[in-house]
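# the following comprises the amino acid sequence and a computationally predicted model.
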Amino acid sequence: MARHAPYTVDTLWQLQRLGTPSLSPDGSRAVAAVARPDMAHDRLVSSLWVFPTQGPAGAGRALTHCGHGDSRPSWSPRGDRIAFIARREQQGQHDEEPQLYLIDPDGGEAHRAAQVPTGVVAFRWFPDGRRIALVSWVWPALRGGKAQARQMQAARAQGQSALVTEESLYRWWDRNLPMGRVPHLLVLDLASGRLRDLFEGSAHELPRFDLNENAFDVSPDGRHIVFVHDPAPHKHHGHPLALARIEVASGAVQEIAQHPDWHLDAPRHSPDGHRIAFIASHRGLKYTMPPQLAVWQAHDGRWAVESAQWDHAVQAPLQWDEDGLSVLLTAQDRGSQPLWRFDLADRRAERLVARRVEETGETGDAAWGGGWVAGWDKKAGTLAVALEGADHPPQLWTRLPGQPPRRVERLNDELLRRHRLASTEVVTFDGALGDAVTMRLFYPPGLDPAASDPARHPVLHLLHGGPHSVYGDNWHWRWNAHVFAAAGHVVACVNYHGSSGWGYAFLDSITHRWGELEVQDIEAASDWLLAQPWADPRRLHAAGGSYGGCLAAWLNGAAEPGRYAALVCHAGCWDWQAMYADDAYETHARELGADYWDRAELIALQSPASLAARMETPTLVSHGARDYRVPDAQGLAHYNTLKARGVPARLLWFPDEHHWIDGPRNSRLWYREVLDWLARHPAASPRG
């Protein structure tokens, strides 16, 4: 039997990371960004790769080599060029802001499509292949590219770091939003290099948060662009978005779908241009209402929800099938994320990629196994999918018409063959309210859970964030269960009440009572785990990030003392009143049931800080200073409270990280600190 090297965080940081594929118009080739770790420079280096959709697996090749952040590639409608976003140095000019580049798919040097002084955030090709619609943050009162360039140069020359604003929305996740600027739609003519701001002189702008190419779409005839916008005069991400379309030639704007109770997003034109599919959430009914598929009709200007009877949350992007009779989309389903075809005539969803692909030699849909569709595209009948699973990072698979699916890359195979990953299993137990709750287990390599007398192993809960998220059949880079399992832990990932993918009722069950049902589920899972012959009752641990970190803190006060040997809280919510310092504060009342000045007791009851007097479990607290979703004062208050109470605690604070620990060296340190903390704290006297 071949010997396997230990799988560690160093192994994790050698794996290459495949991005979303874009297919050539004839479906014969796919392009995708591939990021590889560069530990020497403490960064990820991203380049573009081209893969044939048929032919021998592993025949892909690197297309770009000069940049270190080439991303978001998209094939031109003519198939003669690939556009992408990057920061590069060309002709002695270094990009201060990300710019749009073009490259021949057969190779050669990439060239800057235009010099956009305020940078490029996202883009889409016009169907004629001669123009590109792009997004840039501009000063709305200025006219013309020269004025924008002068203002950009002046802003850099001032060298001021202060943020001065009267806006409600002024920072997002890990960065301040560009001060005094808003996102506009521009049109670039590739032949002349001329740029035109479609929103210039108007109050229109794209949403200031989560901004990407799903916020707009170019019509098949190139005459119109449909876009998403916040109709409120003062912008915030809690406001419902609306749909409008602008005539490219005249700049005339028409509101096509707007309702104060509905949040609308991710529009896509049908092949004939007469309909627009988009995502609609009835937030006026309840903030947690699921995103559903809706369609607007040009002939009467009306729109309707199509997937109301399908209890799945629809996710962007949307793409019409070539026949114009159905819409392709992803939606979670009980721990997996398939690609679906939603037929509009009978309002029925059919799985296209239903499960993870196994190389069994099967043909047709039977060959698509469980897993998670992380990115996809379809052109000329060919489907390309970035598919990941709990046991492998994203892989590129394609399916041509009438042929079985096949894998077309081997980026990480050689490395992974040298290591033995954890085996996985999904179990179900009775949780809160008597509901069935699922838990994914990762067993240390070599552990046979069915053995008659297995060795005892420490057990580690990994608690997902959200709270409306999931630990599914997918690969996690920041909380990689295989790293913990290889260190000897049985890793347990509970999809507690509030998790996504098990229907709306299960997701909404925790609203206005966060922490109650989730902790009951985790505790029931702990009972199940401790009853297993392979579990060491002295070494039951729990760790989580964001809302998962909040739950780790909850366990410290809610569980019986001694139940958990040690806890890890990364970027965890501690006090919901103080959380008004975050970037999403306007949503708290809808999530928790009230604003703190109206019902302080309700907010306190959902804050782990309210249980501080009962906390005894040793806790590692980690946080990033650039975290604006859960400001680092939350972690510092948690840590300081434990120290003031004499509870063993350790602080891991990163001045250059945000809500996630993304830097390769910082990530390596984080994993090692967590594993060391868990190893140091077996329970002195285990309690069941």
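Arrived safely, thanks for sending.

# what sits opposite Glu425 in the beta ladder?
The residues paired with Glu425 through beta bridges, assigned by DSSP bridges, are Leu441.

# can you confirm Leu462 is in a helix?
No - the assignment for Leu462 is strand, going by DSSP: H, G, I helix; E, B strand; the rest coil, so no helix is present there.

# tell me if I'm right that it and Val490 touch.
No - shown here, Leu462 and Val490 do not form a contact pair, counting by CB atoms under 8 Å, at 11.1 Å. C-beta: built from backbone N, CA, C; applies to glycine.

# any weak-confidence spans in the stretch 451-600 of the chain?
Across the stretch 451-600 of the chain, no stretch falls below the confidence threshold (pLDDT under 70).

# all helices for it, in order.
Remark: helices assigned in the stretch 451-600 of the chain by DSSP state H, counting those that start in this stretch are 481-486, 504-508, 516-530, 547-558, 588-592, 600-605.

# dihedrals phi and psi, Glu350?
Reported as degrees, to the nearest 10, the phi and psi values for Glu350 are phi -120, psi 130.

# give me the element the nearest residue to it once chain neighbours are set aside is part of.
Computed as CB to CB, 6 or more residues apart in numbering, the closest residue to Glu350 that is not its neighbour in sequence is Arg341, at 4.8 Å. When elements are defined using DSSP states H and E, Arg341 is found to belong to strand 339-343.

# for that strand, packing partners?
Judged by 3 or more CB pairs under 8 Å, 6 or more residues apart in numbering; DSSP states H and E, the packing partners of strand 339-343 are strand 326-331, strand 348-353.

# okay, these, which one's buried deepest?
Most buried of those, by mean neighbour count (mean count of other CB atoms under 10 Å): strand 326-331, with a mean of 24.

# what about that strand, distance to the chain center?
Using CA atoms, centre = their mean, to the nearest Å, the mean C-alpha position of strand 326-331 is found 18 Å from that of the whole chain.

# relative to strand 339-343, how tilted is it?
With axes from the mean of the first three to the mean of the last three CA atoms, to 10 degrees defining the directions, strand 326-331 sits at 140 degrees from strand 339-343.

# show me what strand 326-331 pairs with in its sheet, parallel or antiparallel.
For strand 326-331, the paired strands and their directions (DSSP bridges) read strand 314-320 (antiparallel), strand 339-343 (antiparallel).

# buried sites along stretch 267-281?
In terms of neighbour count (16 or more other CB atoms under 10 Å), stretch 267-281 has its buried residues at 267-270, 273, 275-281.

# what do you get for stretch 651-662?
Within stretch 651-662, the residues that qualify as buried are 651-652, 654, 657-662, counting by 16+ other CB under 10 Å.

# likewise stretch 308-317?
Per 16+ other CB under 10 Å, stretch 308-317 contains these buried residues: 310-317.

# and the furthest pair within the residues you listed?
Spatially, the most separated pair among the buried residues of stretch 308-317 is Asp311 and Pro317, at 21.2 Å (CB to CB).

# what's the span of stretch 390-409, first residue to last?
Across stretch 390-409, the straight-line distance between its terminal residues is 18 Å, by CA to CA, to the nearest Å.

# kindly report the same for stretch 4-23.
37 Å.

# now that stretch: mean pLDDT?
For stretch 4-23, the mean per-residue pLDDT is 96.

# which residues of the stretch 151-300 of the chain score low on pLDDT?
Counting by pLDDT under 70, the stretch 151-300 of the chain contains no low-confidence range.

# related to what we said a few turns ago, what does the strand holding Arg341 contact?
For strand 339-343, the surrounding residues in contact (CB atoms under 8 Å, 6 or more residues apart in numbering) are 293, 306-307, 310, 312, 321, 325-331, 348-353, 373, 376, 383, 385.

# swap in 10 Å and give it another go.
Here strand 339-343 makes contact (CB atoms under 10 Å, 6 or more residues apart in numbering) with 277, 293, 306-307, 310, 312, 314, 318-319, 321, 325-331, 333, 348-354, 368, 373, 376, 378, 383, 385, 387.

# for Asp662, helix, strand, or coil?
The three-state label given to Asp662 by three-state DSSP is coil.

# CSV for the helices of the stretch 451-600 of the chain, including distance to His94 and mean neighbour count?
Conversion of the helices of the stretch 451-600 of the chain to CSV gives the following (distance: least, CB to CB, whole Å; neighbours: other CB atoms under 10 Å):
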stretch, distance to His94, mean neighbour count
helix 481-486, 37, 24
helix 504-508, 46, 17
helix 516-530, 48, 20
helix 547-558, 39, 27
helix 588-592, 42, 18
helix 600-605, 48, 16
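
# Val674 and Ala543 touch, don't they?
Yes - if you go by CB atoms under 10 Å, Val674 and Ala543 touch, sitting 6.5 Å apart.

# ok, the two, which is more surrounded?
Ala543 (27 against 24; other CB atoms under 10 Å).

# counting neighbours, what do you get for the closest residue to Gly58 other than its chain neighbours?
Distances taken as CB to CB, 6+ apart place Arg410 nearest to Gly58, at 3.7 Å, with adjacent residues excluded. Here the neighbour count serves as a burial measure; for Arg410 (other CB under 10 Å) it reads 14.

# wait, what's in contact with Arg410?
If a contact means CB under 10 Å, 6+ apart, then Arg410 has 56-60, 395-396 as its contacts.

# who wins on neighbours among those?
These, ranked by neighbours (other CB under 10 Å): first place Leu396, 26 neighbours.

# mind listing what the host helix or strand of it pairs with, with the direction of each?
Secondary structure from DSSP H and E places Leu396 in strand 392-399. Strands flanking strand 392-399 in the sheet, each with its direction: strand 382-389 (antiparallel), strand 406-407 (antiparallel) (DSSP bridges).

# out of the ones you listed, which is the most enclosed?
For these, ranked by mean neighbour count under the definition mean count of other CB under 10 Å, the leader is strand 382-389 at a mean of 24.

# quickly list what the nearest residue to Gln90 once chain neighbours are set aside is bridged to.
Sequence neighbours aside, Arg112 is the residue nearest to Gln90 in space, at 5.5 Å (criterion: CB to CB, 6+ apart). Partner residues in beta bridges with Arg112: Tyr101, with DSSP bridges as the criterion.

# for Arg112, grab the count of nearby residues.
Neighbouring residues of Arg112 were enumerated by other CB under 10 Å; the total is 17.

# quick one, helices of the stretch 101-250 of the chain?
Using DSSP H, counting those that start in this stretch, the helices of the stretch 101-250 of the chain run over 145-158.

# ranges for the strands of it?
Applying DSSP state E, counting those that start in this stretch to the stretch 101-250 of the chain gives strands spanning 111-112, 122-125, 131-138, 171-172, 175-176, 182-189, 195-197, 216-218, 224-229, 242-247.

# out of those, nearest to His94?
Comparing the strands of the stretch 101-250 of the chain against His94 with CB to CB, the closest turns out to be strand 111-112 (11.2 Å).

# contacts for the closest one, please.
When contacts are defined by CB under 10 Å, 6+ apart, strand 111-112 is touched by residues 86, 88, 90-91, 93, 95, 99-104, 193.

# ok so, going back, between the strands paired with strand 392-399, which has the poorest mean confidence score?
Confidence, taken as mean pLDDT, is least for strand 406-407 of the strands paired with strand 392-399 (a mean of 92).

# looks to me like Leu611 is in a helix.
Yes - counting by three-state DSSP, Leu611 is part of a helix.

# which residues does it contact?
Contact criterion CB under 10 Å, 6+ apart gives 515, 553-558, 605 as the residues in contact with Leu611.

# identify the residue spatially nearest to the residue most central in space within the chain, adjacent ones excluded.
Of all residues in the chain, the one closest to the mean position by CA atoms, centre = their mean is Ala374, 9.2 Å from it. Excluding its sequence neighbours, the residue lying closest to Ala374 (CB to CB, 6+ apart) is Ala386, at 4.7 Å.
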